[in-house]
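Participant: missing the sequence, but the structure's below:
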Ligand SMILES: [Zn+2]
């Protein structure tokens, strides 16, 4: 067996996703009525305690979707990390 992005994407737990999002600047998530975590947006803005909890993670598909600001979908955690780092680096 070898590790690839898709394998990692499929094996990440919600707890691990949560740790990564907190590293990227979200607070601990809220949950929607289906039990999916909703994080503070870090996909189109810098981390801030006032950011809205509009970045949803869907564990069944492993997708992220922003419901404000950029309105983007991210096919996996890697795409989201790249975008967040890009934004945060731009303000260094
Ligand atoms: Zn966004």
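Facilitator: In hand now; what should we look at? Just so we're clear, the structure is a prediction, and the values are computed from it rather than from any experiment.
Participant: which positions in stretch 9-16 come out as buried?
Facilitator: residue 12 (16 or more other C-beta atoms under 10 Å). (Glycine included, C-beta is placed from N, CA and C.)
Participant: what number of residues lie near the closest residue to residue 31 other than its chain neighbours?
Facilitator: Take residue 31 and drop its neighbours on the chain: the residue closest to it by C-beta to C-beta, 6 or more residues apart in numbering is residue 37, 5.7 Å away. Counted with other C-beta atoms under 10 Å, the neighbours of residue 37 add up to 22.
Participant: distance check, residue 37 against residue 52.
Facilitator: The spacing between residue 37 and residue 52, counted by C-beta to C-beta, to the nearest Å, is 14 Å.
Participant: and if you look at residue 31?
Facilitator: Between residue 31 and residue 52 the computed distance is 15 Å (C-beta to C-beta).
Participant: any idea how far residue 67 is from the ion?
Facilitator: 8 Å (C-beta to the ion, to the nearest Å).
Participant: what does residue 48 give?
Facilitator: As for residue 48, its distance to the ion is 13 Å (criterion: C-beta to the ion).
Participant: now do the contacts for that residue.
Facilitator: Neighbouring residues of residue 48 by C-beta atoms under 8 Å, 6 or more residues apart in numbering: 25, 40.
Participant: and the pLDDT for it?
Facilitator: Model confidence at residue 48, expressed as pLDDT, equals 97.
Participant: secondary structure element for it?
Facilitator: Per DSSP states H and E: residue 48 is located in neither a helix nor a strand.
Participant: kindly report the residues of the protein close to the ion.
Facilitator: Contact residues (C-beta under 5 Å from the ion) of the chain with the ion: 41, 43-44, 66, 69-70.
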